[in-house]
Structures are given as structure tokens and as C-alpha cells.
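Novice: With the input below, show me the fold.
(chains A, B, C, D, E and F, ligands or ions: 3)
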Amino acid sequence: MNNLMSDGFGLMLLGMGFVFTFLCLLIVSTTYMSKLINRYFPEAAPVAKKPMAAPTAGASSASASATDPKIAAAITAAIHQHRNR
Amino acid sequence: MNNLMSDGFGLMLLGMGFVFTFLCLLIVSTTYMSKLINRYFPEAAPVAKKPMAAPTAGASSASASATDPKIAAAITAAIHQHRNR
Amino acid sequence: MNNLMSDGFGLMLLGMGFVFTFLCLLIVSTTYMSKLINRYFPEAAPVAKKPMAAPTAGASSASASATDPKIAAAITAAIHQHRNR
Amino acid sequence: MEQKLLNLYHDTGIYQLEFGQAIMIVVGLLLIFLAIKKGFEPLLLLPIGIGAVLVNIPGAGFMAAPVYDAAGHMVSPGGLQYYIYHGGIETGLFPLIIFMGVGAMTDFGPMLANPKTLLLGAAAQFGIFATVIGAVLLGAAGIMDFTLADAAAIGIIGGADGPTAIFVASRLAPELLGAIAVAAYSYMALVPLIQPPIMRALTTHEERSIKMEQLRHVTKAEKIIFPIVVTILVAMFLPSAAPLLGMFCFGNLMRECGVVDRLSDTAQNALINIVTIFLGLGVGSKLSSEAFLNIETLGILSLGLVAFSIGTAAGVLMAKVMNKFSSTPINPLIGAAGVSAVPMAARVANKVGLEANKQNFLLMHAMGPNVAGVIGSAVAAGVMLSYVGG
Amino acid sequence: MEQKLLNLYHDTGIYQLEFGQAIMIVVGLLLIFLAIKKGFEPLLLLPIGIGAVLVNIPGAGFMAAPVYDAAGHMVSPGGLQYYIYHGGIETGLFPLIIFMGVGAMTDFGPMLANPKTLLLGAAAQFGIFATVIGAVLLGAAGIMDFTLADAAAIGIIGGADGPTAIFVASRLAPELLGAIAVAAYSYMALVPLIQPPIMRALTTHEERSIKMEQLRHVTKAEKIIFPIVVTILVAMFLPSAAPLLGMFCFGNLMRECGVVDRLSDTAQNALINIVTIFLGLGVGSKLSSEAFLNIETLGILSLGLVAFSIGTAAGVLMAKVMNKFSSTPINPLIGAAGVSAVPMAARVANKVGLEANKQNFLLMHAMGPNVAGVIGSAVAAGVMLSYVGG
Amino acid sequence: MEQKLLNLYHDTGIYQLEFGQAIMIVVGLLLIFLAIKKGFEPLLLLPIGIGAVLVNIPGAGFMAAPVYDAAGHMVSPGGLQYYIYHGGIETGLFPLIIFMGVGAMTDFGPMLANPKTLLLGAAAQFGIFATVIGAVLLGAAGIMDFTLADAAAIGIIGGADGPTAIFVASRLAPELLGAIAVAAYSYMALVPLIQPPIMRALTTHEERSIKMEQLRHVTKAEKIIFPIVVTILVAMFLPSAAPLLGMFCFGNLMRECGVVDRLSDTAQNALINIVTIFLGLGVGSKLSSEAFLNIETLGILSLGLVAFSIGTAAGVLMAKVMNKFSSTPINPLIGAAGVSAVPMAARVANKVGLEANKQNFLLMHAMGPNVAGVIGSAVAAGVMLSYVGG
Ligand code: NA
Ligand code: NA
Ligand code: NA
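Specialist: Ligands and ions are numbered 1, 2, ... in the order given. The predicted structure is shown next:
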């Protein structure tokens, strides 16, 4: 009984303590990471989206040629809608 | 031998009997269901298609804006064709 | 030791031998196959793409009607691009 | 070294190939030919054919069981088809997942608009049970070695529903699974050849020309409630049919409810396709020479044809009877669609109807009995599992 | 023959149905109703509801264990939900795969733009641990039969994160899994009803009107490195949270890295959809009358509601404190989003903010604490697994 | 309480982390870096890298085996990677499914237009067997502890085909699987760096400028029959290669037959993507410090590089010989594509050809040997499995 209760309070203390510790640590790390990145690699040409190559195999490539941008926009919207349907 | 045959006929009788009974029951239930629904909930604004939310997670939304309906129709047809290819 | 080495050389001999034998066999078979096909079934109306029927079930069909070919081309390109993204 | 060369030779198919295996490879190639060139239910018969070829390659070990040592560590892995068959078919998982996908593809609208067409889906199941009698007779006469379980599994071919046939066969007669599945899908593909003569023989030109009234509009709410009603009725009256019909109705509910379209979409596409590939390979694994090259297979193929024909006839005759008593006209041709084989049988009814009357479009009317046939054969399957297993 | 007819009758649901099963079928139907008609997390509650109906059909055998003979051959196959539950939920595979997919759907941009909102995601986890105390009190007082493991599993409902709750419950209190999952998803769906009164009660109109500064642009590189940083910190400080957060970060890395879009796309669509269907059926299998129809379930549902409310309050109060000490203004409403329930809780914060000030768009600001809440509850889950299991 | 705090500390990575694990986490991060930043086969190396990080987190239990009590109930569940590795890699299922998908992505047209390029795909496999000799020498000299099975598995790296390498390694040398897979994918990614110097060294400018005749049109029928022919030849002459080549041809047949496009589409997308994610995590699970941080790994990496180089050279030299005896001109550069690494090696041949002659487009000509290399290394794999296993 008493044991269960003390275990419960222990879990609460430890749990909240750990959650705060960990997320504070994450704040520090994240802030530091962002500073580092933005100082030394300032938006250095973001990793370009490459056309996907299949694992090991032929397929694909032949990245499609340009199409009328207005139609393309419409299509993209439609596909997106369709995908999220 | 005889046993196998009598079992076979038993299965036929029971089977056809049950299939008819069950499907008749379904006719009654369905008819009754339709009447009930159409009396008490006459085409009450059919459950709208909501934009899909991911299980628990962010993602998505931003339901696409309107596009020229003619182009949209063409696209829908194309996607449908593509999907069923 | 010696055993391992002789096994290794055995594997090499047998392996390269078999790879060449098999691929030569394949050259012969393929060449012969192509000749046979092109003599007796000269590009006989290639198996048409049928609209996919679902395994056993209703669904689908209603193969989409014709759409403006220019738009259709744009769409196809867009879908292809999208698929390979 | 010469020893190793000899080993390699002893490993080759040429050295090991038995006559039965060679025949079964040819059978597999025949299925592939029918699938590709004749368009016989290619989604299933192509993987089944490949599966039959692969499982009969001597020494390739596609059906090899894995070997474990005493400590539970794997000594040698099993073959691909071993894992597929025992993981997905013996357990019944694959047919049930496919049935869910089929449910997600099925529109019950036409049936809900005209519920009495359910009777046609019931009548056409007569083919199933007549075939059971046929198999029992062959067994009782000592011509073939069929038990009641075998007879029941063979009869289900007449249900014209692939996943149902595989599910029942895997539970009642696993050793006949290969032949039963091949028969079921082959005859489903042959619907446009098998049905029309029977339909024409049993109907007059006037009957075939009957025009039916346009179907009423079916509301969204009806379509959503219907699968739930079916599930509850099955739960109350035939729990042994609940795996099949429960999953079917689950799929259909996902389709109709409108709030889980992404799940419905996946059930109809990626998931059913993945499972179809593996189901085919797994069914093909049962096309071994011992299981297939015997007199029983001939019996199964013949009885399957009988089942289809009787089912078609029973559906048409039932529709003629209903036409007599119904206030609205019923074209007897739509009775043939009660065997299921969705949507092929409905298209056949439409085509034969158009022959008699250029203005007579029966497709939507035939879809009612067509999907009713799916329910009907699942119910028949439930009775069989309960009767034979119980 | 009469014997067989009697057997068939004895097989029916009507004959076998126990009162508890009937109730649980009704509970299942209620979940389906909530999913479809009320839009309560339908992607999960619909499959869970169907799963609850199916598992309670007497004689249908959805949870039947397979039977093998001494030689290892299958005598009778197991039920669908048996394989799903033991294969995907008991093992923890399904929640982890879903967490990977959720990671692939999550944009950490708003959180990276304002990392101190992570504190809000921490504060809101107080709901979890306060609930643990509540459950422990009920257990210690002898009112309900909860162990520490049960209390921990119940508390995690307050994390407002479905897969986390299922993962923790499957490890700490499998017999409570059904009730916990239902509570978690139901309350997540009720966020728009539960949170606003609490938010309004704890804030003044002026506080709710606070406008926040626009978020800075977050670079691609930051987004790519972030999941790696989280993984390393978890590895160093809380390995017991590594399964959940490791898979979450893996999914997020696939999303952000830009070189494996086809994998990311599959993780977000086909794969998560397939697993969601099966996860739902598997969770539903735990909704048996013995496990669900007891006083403990009432406790779980009540405590879950308490957990949500306390979590919301803790988040709002923390935001008020932070607003006091922060150089830039912080609207306390975004603290409520710290419970996770992505993206619902963030939308609620936005809506309540708009009520106070028509020009106040908090959505993006609330997304930071919202995704921080996911990390926060996964960390809390790790602590629990370590503390209770260790 | 202090005890619990101490427990929690003892559970942390900081307390438990061994040096080897730290190194392996760094190796995992390095693979992730190469995948994202350098574009090294990211579809595989990213999941492998993550898998390596996760499996080396002390106490996270990603490779923990499940524990069952005497009655067969689960006491503690296994880790995610345990299930993936033992379910999909040890059994060989994942590489075979991927090979099926690769087959569905492969166009044999260019090879069928010029079948003698199959010889180039054969010659390039010399890299495999030369490497076997290298490994055997290291083993016989006592420098490294390689058995014949190890040597064979290492040699297959030279096949430049990921799934084949993983399949062979999982059967012949599972403890080396991690290093072999990493080497195979890394070198495949390095093809544009490794091959050109070798190609230039072995050819004159005139040879590199050779223009080849345009390929003839290949009919649909040829493309459909070809995978069937390969399957039959494999069945007859090398059943041990049937799992790999049978699934490859199955995939290709689905692609070309035109009647099962929805299956082919799923095999190329959803299915291969799902399996790729899990294959990567599973391979990563073998990157433990005991298995990876030893002298043998250095040997594997070096020998793999040798294998690639020798394979490239053998292909080029074979093409030079063929050019001498052929009626139509053959550019020796396309011989380098025989190592497989589809389609990278063919692109490299094209690029080096363009350097010598701005008008010389070799891409389609190089695709023939390129896909022939896939068949060649699968055949070599079959010989090894038969020779070493038999
Ligand atoms: Na039927
Ligand atoms: Na949370
Ligand atoms: Na190769």
C-alpha cells in the first residue's frame, strides 16, 4: 500500500524531473545546433531533391520535361488533393 | 458410404436452406433499414468528406484551392486512368 | 590450409566456367527465341493493355473518356514526375 | 574438384528433374499463357503459374522447411513459398485481407435499390451444393477418394469467388487447394463462354428483352448502415461465416463511411496488390505433381464446370419465377449474375440482354445479384465450415 | 441430420451469445458511430470498433489460438486477430512503425524556430504523472485493483499520443490495453471540447490576445540535423525511450533529408495505412467483456479525462510563467498545445486565440509546443518503462 | 527512491556505453552522412546507418530476443530489429522481394537487341571469383580468419548487386553480413569514382571513341518470353540460383506482360519501399562492434574494392576482345557496365564515352551488359551456394 504510493510519487518526481531535464537539454542542444549551422553553413544550397533512383536497379530517370506552369500548378494541386483524399 | 451420401444431402438441404433463410432475412432487414433511414434521416447532408488527418500527427491539411473546373475534370480523369492502369 | 586454397581455386574455375556457360547458353537461347518470335509472330498486335479488373471484385472499369491530348500529355508528365519524386 | 563438379551436376535440374515435376512446370507455363494471352484472371493466374513453376524446380527449395538446432538457432532457412504458404494461406490471413479489399471495392448501391435481387444471389448457390452431391457420389461410388470435407471444398468452386474458395479449401482440404484455386479462377475467367449458352437455353427471346425499371437513388446513410447490418446478422446467425463476411463488411464500411478514405484507398490498392502477389505464389506452391497429377484433379475440374453451369441455371430459373410473381418486371438474365464472378457475370448478363434488345441495358440491374452472390457464397462457406468442421 | 441442424443452431450467435459479449458489440458499434458520425479519430476508432465487434462474436474464433500436433503440423489455424495481436501489438512492432510514419509526417520547423516552446511540451506531461498518482491512490485505497505498472500505463493517456499509449500499455499492462487505447483516442478527439474551458479559465482576455512575433526561417540543414541530435541525446540519457523516439526520428530524417523521398512517401502513406488497419483490429481484440466491462475501465476513462485536463492546465500555466520572464511575448494559449494531440491541440489554441483577437493567428506558434509534446510524452514513456520495468 | 534514481542512471547510455558501441554509433552516423550529403545509395545506406545507431544504443534492446514462459506466453517482447532480422533477412525473404521489385523495374530491351553483350556481364563476374581467391589467400596465410564460405560471401561484393550480396551473405556468412552489405552499397555508390581511371587505363582514345550501331527494335513478345526462358534455363541448369533469378524474372514478367500492371506497380513502389526500409534496419542490426570492429572488416572493405576494380577491368578487356572478333563495332567502355550497379555503371560508360567523342552516346548500349551483370552475379551466387553449401 504505502509502498505503491511512494512508488507513485517517486515515479512522478523522477518522471517530471527527467522530462524537464531532457527537454531543457534539447533546448540547449537545438539552440546551439542552429547557431552552429547558421554560422558555418548559412543556408548552403539546401540538399537538392534528386530524382529517385531505385535500389540497385534500372527503372526511372528521364525526369519529365517542362510543362505549361499554369497547367502544372493545377495538376500539382489536383494530385495533392487526390493524394490526401 | 451411405453415411457420406446422407451427409452430402444433409449439407445440401441445410446449406441451401440456410443460404435462403439468411438472404431472405437480409432482404427484410435491408428493406426495413432503407425505409427507416429514408423516413427519419432523408438524405440528411451526407457525411462530408473531411480532409484526412494523419493518425495523431501533423502533416497535411491545407486543402487545395479551387482550380479551373475544366482542367480539374481532365486531371481527375487522367489520375483515375493512371490509378487503374 | 592447402585445402582452403584448392577449394578457392576450384570455386573460381567452376564459377567462371558456369557463369560463362550459362550466359552463352542464354545468348543462344535468346537469339533463337528472337528469331522464332520475329518470324512466326512478327509484332502481332502487342498484347493490349486492358483496364485492370480487381481480383474477383466490382470496383472500377468505366475507362475514362478522351481528354484534350495536350492537357493529357501535361498531366501524364506531371504524374510521372510526381511518382518518381 | 571432380567431386565438386559432379556435385554441381547432381544439383542441376536436368539430373534431378522428375517426370511429374516437368509436367507441373508445363502446367505452370500453361497458366501463365492463359493469363497473359487469353486474359484469364491474370492478377491471380500469373502469380499462381509462376508459383507452380518455381515450386517444381528440383533442388531450388522453394517449399523447404527451415531447420533449427536444439538451441533454436536457424541452421538453414526455409524457402520463400514455405513462409508464404504457412504464414498467409494456412492461417487464412491472405484470403481474409483480400476479402477486405474486395469489400472496399464493392458498391452495394444497386443491390440496396432492389433488395429482392438477393434471392438470385441465394439461388445461384445451388451450384455449390449440387456439386457437393456430385463429389459425394464420386466418393461414395469409390471412383475418387473424396471425403465430405473434400466435397464441400470442391463445391465452393461453384461460388465463383476466388478468396472464398481458397479460404474454405485451406481449412477443409488443403491438399486439394491448388486444383480448387486453379479451377475457381479458370472458370471465373470462362464466365463469358460458359454462361451465355445456358442463359439462352433457359429463356425465350421475349424474356431476354424485358426492360427493367430504373433503380432508385440509394442514400449514403443506407450504404453506411448496410455492412453493419450484415455483420450483426452474421454474428447472430452464422458465426462461422464471420471471418469472411466480417472482413468484407469492414472493407465496405471503410469505403462508404467517407472518413477513412486513406485506409480504404490502401485496402483497395497497395495492400490487396501485395497480398495478391503472395497469395498467388502461395497457391502455386500447392501445385506439386503429387497433389495435382491424379484422377481427383480431373474430378475437381469437371465438377467445377458442373457447379458453374448449375449455379447459372438456378439463378436464371429463380429470376423467371420471381418475374412471374413480381409487380415490377425482372429480366431472367440477371439471375445468371448471382453466381458472383464480379463484375464479369454482370457484364455477360448485359451483353446477352443487348443481343435480344439493343436498348436493354441490364448492367446495373445485374450488379445487385452479382454482389449478392458474393454474400451468398460466403454464407454457404460458413455453413460448410460449421457443418463439416462441427 | 437433426443432430447437424442442432449443431448448427448451437453454433449460432443467438444460442451462444453471452450478455457481456452483446454489450461489447454495442460498445464496438458505439465507437463506429463516434468515428463516422462525430469524426472521433476515425482512422483508429473505426478499425478498433470493428475489431471489438468481431472479437465478441461467439464462435467466430477471431482470437482463437492455432493448434499444432506433436509433429508441428497445424491442426486448426488461429483467428485473424490472434495473429494480428500477437504478431504486431504484443511485439510492439505496429506502434513503432506508426511512430515512424508519424515522424515522416511531422514538421519540426516551428519548434526549431522557437526552441524554448519545448518547455511547454515538458510542462504538459504533468498530466501524465498526476494521473499516475490518481491511479495509485485508487489502487492504494483498494477501490480499484491497479498496480504501479497499471497506473503508469493509465497515466500515459495524458500524453495524448495514441501509438505511445499503445506501446506503453502493451508492455506494462496488456490486459488494460483496450480501455487505454479507447480512452486515449477518444480524448484526443475530444480536445476541442475539453481544452477551451480550461484555457479560458486560466487566462485573462489580455493574455489570450497577446500577439507573438513571426517565426524565423528554419534552414533545411537544421531540420536534417535535429532528428539526429534527438536520437543521440536519447541514446545517451534515456535508452528506454529509444524504440519510440528512434523510430520517430528515423521517419523524420527520411522526410527532411530529401534523398529518400520514395521511402518517406511510403512511410507516410501505404505503410502507415496498412499498419493502422491492423493496429485497430488488434487493439479491438482486447475489447473483450472480461477485460473491459469492469470498474477499472470506469477508472481509466475518468483518470484519462483528468490527465488531459491537468496536462492542458499545466501547459497553460507554464506558458504564463514563461511569458513573465521571456523577452518576446508568449501567448499562454499555446501552452495547451503541449499535450500533443497533433495537430488538433494547435488548432484549438489558434481558435481560442482568434476569439480573443480577430487578428491573432497562433497556429504556427502552437505547432512548436504541439510537436514538443510528442517528444515529451515519449520521454515520459521511457522513464516509466525504465522505472517500472527496471 | 535514491535506488530508483540510481537504477535510472544505470539505465542511461552514458553509464552503459561501451567504447565499441560509441564507435559503431559514429560509423552509423558516417553512413547517414554519406547517404545524405554524398548521395551514396541513400535508399539503403540511410536505413542501414540508422539501424547501426539504434542497435548500438546500450539498453535500448533493439536486438533483444523475446522471452516466453514455459506455457508459451510472452514474458518480454523482442526488439524491433530482432524481429526484422530474423523474420526478413535470416529467412532470405526481404532480398528476394526486393529482387522481384528490381525485376519489375528492369528493361531487358537493350540486352535483347544485342544478346552478345551477355558475355560482358559474364566477364565482369571475374571480379567476384578473383576476390574469393584473395580472401582465401588471406585466410590460408592466417592473416584473417576466413573460411571458404566467408570468402565466397565476400567475393559477391564484386557482383555490385546489393540484394544478391545480402542474400548470399545471409546464407553463407551471417556474421559478416553487416560489413559485406556496407561494402557492397558503398562501392556501388563509388562506381563513378572507381571505374573511370580503370576504363581509361585499359583503352585507347580511339577505342573509347568507337560508335556503335543503333539497337534494333525489340518486340513486346520477346520481352515477355525472355524472363520465362531464363527461368526455365535456371531450373534446368542451376536450381540454387532459382530463388534469386526466379523472383527477378517474376517481377520482370509482371512488368512486361501488360495484364497485371497494378501488381507490377505495387512491386516497384509500395512493396519494394516497405521492404527496403526494413531491410536497411535489419542489415544495420548486424553492425555491432563485435561483428564489425575487427581486422576482417578491413579485409572485406579492401577486397571489395579489389573485386570492383578487377570486375571492371575484366569487363573492359572482354569487350576489347569481342570488338576484335565482332562484325559490328563494340566500344570497350560498355564492358565496364557488366559489373551491374544498374544504372550507375551504364551512365559512367556513357560519360567516359562522351569525353572521348562528344557525339558518342553509349547509354543504351551499356544497359545491355549492365542488366546482364545482374543475371551474371545471380548465377555466380547460385554456383557459390551450391559449391559451398553442397
Ligand atoms: Na457466389
Ligand atoms: Na504528449
Ligand atoms: Na553483377
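
Novice: which regions of the chain lie under the pLDDT threshold?
Specialist: Because you didn't say which chain, this covers chain A. Counting by pLDDT under 70, chain A has low-confidence residues at A:1-2, A:44-85.

Novice: I was thinking of chain D, sorry if that wasn't clear
Specialist: If you take pLDDT under 70 as the line, chain D has these spans: D:1, D:4, D:8, D:13, D:390.

Novice: any idea which residue sits dead centre in it?
Specialist: residue D:162 (1.4 Å; CA atoms, centre = their mean).

Novice: Isn't that residue up against residue D:184?
Specialist: Yes. Using CB atoms under 8 Å, residue D:162 makes contact with residue D:184 at a distance of 5.4 Å. Quick note: C-beta positions are derived from backbone N, CA and C, even for glycine.

Novice: any idea how far chain C is from the residue nearest to the centre of chain D?
Specialist: Using CB to the nearest CB, to the nearest Å, residue D:162 is found at 5 Å from chain C.

Novice: Relative to residue E:322, how far out is residue D:180?
Specialist: For residue D:180, the distance to residue E:322 (CB to CB, to the nearest Å) stands at 69 Å.

Novice: Those two: who's more crowded?
Specialist: A count of neighbours by other CB atoms under 10 Å in any protein chain shown puts residue D:180 above the other of residue D:180 and residue E:322, at 29 against 18.

Novice: which SS class is that one?
Specialist: helix (DSSP: H, G, I helix; E, B strand; the rest coil).

Novice: Does it touch residue D:300 like I think?
Specialist: Yes. Counting by CB under 8 Å, residue D:180 does reach residue D:300; the two are 6.2 Å apart.

Novice: what sits in contact with each of the two?
Specialist: Common neighbours of residue D:180 and residue D:300 (criterion: CB atoms under 8 Å, 6 or more residues apart in numbering or on different chains): D:154, D:157.

Novice: which parts of the stretch 151-300 of chain D sit against chain A?
Specialist: For the stretch 151-300 of chain D, the residues in contact with chain A (CB under 8 Å from any CB of the partner chain) are D:261-262, D:265.

Novice: element containing residue D:370?
Specialist: Using DSSP states H and E, residue D:370 falls within helix D:363-389.

Novice: buried ones in that helix?
Specialist: D:363-388 (16 or more other CB atoms under 10 Å in any protein chain shown).

Novice: Next: stretch D:20-34.
Specialist: D:21-22, D:24-25, D:27-29, D:31-32, D:34.

Novice: So residue D:47 versus residue D:327, what's the distance?
Specialist: 47 Å.

Novice: Helices of the stretch 1-150 of chain D, residue ranges please.
Specialist: D:2-11, D:13-16, D:19-37, D:42-55, D:80-84, D:93-105, D:109-113, D:118-123, D:126-140, D:148-155 (DSSP state H, counting those that start in this stretch).

Novice: Which residues are in contact with residue D:313?
Specialist: Residue D:313 touches D:198, D:202, counting by CB under 8 Å, 6+ apart.

Novice: element containing it?
Specialist: helix D:295-325.

Novice: residues near the residue lying closest to residue D:285 once chain neighbours are set aside, how many?
Specialist: Closest residue to residue D:285 apart from its sequence neighbours, by CB to CB, 6 or more residues apart in numbering or on different chains: residue D:81 at 3.8 Å. Residue D:81: 25 surrounding residues under other CB under 10 Å.

Novice: Report whether the helix holding residue D:313 contacts ligand 1.
Specialist: No. Applying CB under 5 Å from the ion, one finds helix D:295-325 separated from ligand 1 by no less than 7.5 Å.

Novice: in that helix, what's buried?
Specialist: D:296-297, D:299-301, D:303-320, D:322-323.

Novice: Kindly report the same for stretch A:16-28.
Specialist: Those would be A:16, A:18-20, A:22-23, A:26-27, for stretch A:16-28 by 16+ other CB under 10 Å.

Novice: List the residues that contact the residue of chain D found nearest chain B.
Specialist: Of all residues in chain D, residue D:136 sits closest to chain B, at 3.3 Å by CB to the nearest CB. By CB under 8 Å, 6+ apart, residue D:136 lies in contact with B:4-5, B:7-8, D:146, D:148, D:151.

Novice: Identify the residues contacting the closest residue to it other than its chain neighbours.
Specialist: Nearest non-adjacent residue to residue D:136, counting by CB to CB, 6+ apart: residue B:8, 3.3 Å away. Residue B:8 is in contact with D:132-133, D:135-137, D:140, D:148, D:151, counting by CB under 8 Å, 6+ apart.

Novice: Just put these in a markdown table and tack on distance to ligand 2.
Specialist: Formatted as a markdown table, these follow (distance: CB to the ion, whole Å):
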| residue | distance to ligand 2 |
| --- | --- |
| D:132 | 58 |
| D:133 | 63 |
| D:135 | 60 |
| D:136 | 62 |
| D:137 | 67 |
| D:140 | 67 |
| D:148 | 57 |
| D:151 | 58 |
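
Novice: I'd like to know which of these is nearest to chain E.
Specialist: Out of these, the member with the shortest distance to chain E (by CB to the nearest CB) is residue D:148, at 11.1 Å.

Novice: So that closest one is in contact with residue B:6, correct?
Specialist: No. Judged on CB under 8 Å, residue D:148 makes no contact with residue B:6 at a distance of 10.1 Å.

Novice: How many residues are close by residue 11?
Specialist: The chain I'm using is chain A. Residue A:11, neighbours per other CB under 10 Å, totals 26.

Novice: could you do chain D instead?
Specialist: Around residue D:11 there are 23 residues (other CB under 10 Å).

Novice: correct me, but it touches residue F:388?
Specialist: No. Between residue D:11 and residue F:388 there is no contact under CB under 8 Å: 12.0 Å.

Novice: What separation do you get for the residue in chain A that ligand 2 sits nearest to and residue E:317?
Specialist: Nearest residue of chain A to ligand 2 (CB to the ion) works out as residue A:19 at 9.9 Å. From residue A:19 across to residue E:317, the span is 16 Å (CB to CB).

Novice: swap in residue D:38?
Specialist: In terms of CB to CB, residue D:38 sits 73 Å off from residue E:317.

Novice: just residue D:75 next, same as before
Specialist: Distance from residue D:75 to residue E:317, by CB to CB: 61 Å.

Novice: Ok, residue D:116 next?
Specialist: Taken as CB to CB, the span from residue D:116 to residue E:317 is 64 Å.

Novice: Let me see the contact set for residue D:244.
Specialist: Counted by CB under 8 Å, 6+ apart, residue D:244 has contacts D:95-96, D:99, D:163-164, D:167, D:378, D:381-382.

Novice: can the contacts of residue D:136 go into CSV with extra columns for distance to residue E:219?
Specialist: Formatted as CSV, the contacts of residue D:136 follow (distance: CB to CB, whole Å):
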residue, distance to residue E:219
B:4, 77
B:5, 80
B:7, 75
B:8, 75
D:146, 72
D:148, 72
D:151, 71
